[in-house]
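# show me the folded form of this:
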Amino acid sequence: VARIAVPDGNTALEKIPMTIGEWTGTDLPIDPDITAMMQYNKAISRRYRNRLGHEVDVWVIYWTSAKAVKGYHHPDICMTNRGSIIAASAGRTMKTPSGVLVPVSYREFTGEKRPRSYVNYWTQEGRYFWTPADEQAAFAMTFPFEWIRRRMGERPPDATDDRIVVLMGSLSKEKLAEVAGHVTDALYELCPWGRPN
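Now for the predicted structure:
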């Protein structure tokens, strides 16, 4: 079955708006070690701040299918490695301002001398959203073989399996929700191949 390739030009993540209502974004530098480890095609790390000083951090990472086997990002690992403790964990559906329904993983992190933080994240390959089982499998030694096996199966001619990982976090659950939907709508304008049906 023929597949439609998704060119890098369709992943201009930097075009996600810097201004969202009262929020203004600032791009943050990405550690070269993270870039070398994850081998992504494109990524943004951005902090949105409103006039009252509330902040929402946004990561969006993109891999073409050929590179997707090489890297994965998961807040349960990176946050706990920095001393945070998972205080709450759940799957939720986020509805964006345009009405798109996105399955997200929700976390609350806390820790000694750390304020509680709130995180929404998800991983998708094309329009397929990873489940908790997919996340667990990504860290198994056999993952590259499973990754190849899945790509050898039949799929619709307009399908792509390029990968997007999105992580958004804030010290305010309400402010996170305020920014997350707008960023997600902007992402799917840039990457319509990933927009949920």
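
# which residues of the chain fall in strands?
Secondary structure of the chain, counting by DSSP state E: strands at 19-20, 23-27, 42-49, 55-63, 85-95, 101-111, 114-125, 128-129, 163-170.

# most residues in a single helix of the protein, which one?
Counting residues, the longest helix in the chain under DSSP state H turns out to be helix 173-190.

# which strands and helices sit next to that helix?
In terms of contacts (3 or more CB pairs under 8 Å, 6 or more residues apart in numbering; DSSP states H and E), helix 173-190 is packed against strand 19-20, strand 55-63, strand 85-95, strand 114-125, strand 163-170. All C-beta atoms are positioned from the backbone trio N, CA, C, and that covers glycine.

# before we move on, the earlier item: for Val179, find the nearest of the strands of the chain.
The closest of these to Val179 is strand 55-63. By CB to CB, the value is 4.2 Å.

# center of this structure, which residue is that?
Geometric centre of the chain, nearest residue: Val166, 1.1 Å, by CA atoms, centre = their mean.

# wait, that one sits on Tyr62?
No. Judged on CB atoms under 8 Å, Val166 makes no contact with Tyr62 at a distance of 9.8 Å.

# thinking again about what came up before, between the helices and strands packed on helix 173-190, which gets nearest to Tyr106?
Tyr106 lies closest to strand 85-95 among those, at 4.8 Å (CB to CB).

# for Val165, name its beta-bridge partners.
Counting by DSSP bridges, Val165 forms beta bridges with Ile61, Thr123.

# so what's the residue count around it?
By other CB atoms under 10 Å, 22 other residues sit near Val165.

# how close does the closest residue to Gly111 other than its chain neighbours sit to Asp162?
Spatial nearest neighbour of Gly111, excluding adjacent residues (CB to CB, 6 or more residues apart in numbering): Ser84 at 4.6 Å. Going from Ser84 to Asp162 by CB to CB, to the nearest Å gives 30 Å.

# looking at these two, which is more packed in?
Shown here are Ser84 and Asp162; by other CB under 10 Å, Asp162 has more neighbours (24 against 21).

# surely that one touches Trp63?
Yes. Counting by CB under 8 Å, Asp162 sits close enough to Trp63 to count as a contact (6.6 Å).

# sorry, back to before: okay, the strands of the chain in a markdown table with distance to Ile77 and mean pLDDT next?
Shown next, in a markdown table, are the strands of the chain (distance: least, CB to CB, whole Å; pLDDT from 0 to 100):
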| stretch | distance to Ile77 | mean pLDDT |
| --- | --- | --- |
| strand 19-20 | 29 | 96 |
| strand 23-27 | 24 | 98 |
| strand 42-49 | 17 | 96 |
| strand 55-63 | 14 | 95 |
| strand 85-95 | 11 | 90 |
| strand 101-111 | 12 | 93 |
| strand 114-125 | 12 | 92 |
| strand 128-129 | 19 | 92 |
| strand 163-170 | 12 | 94 |
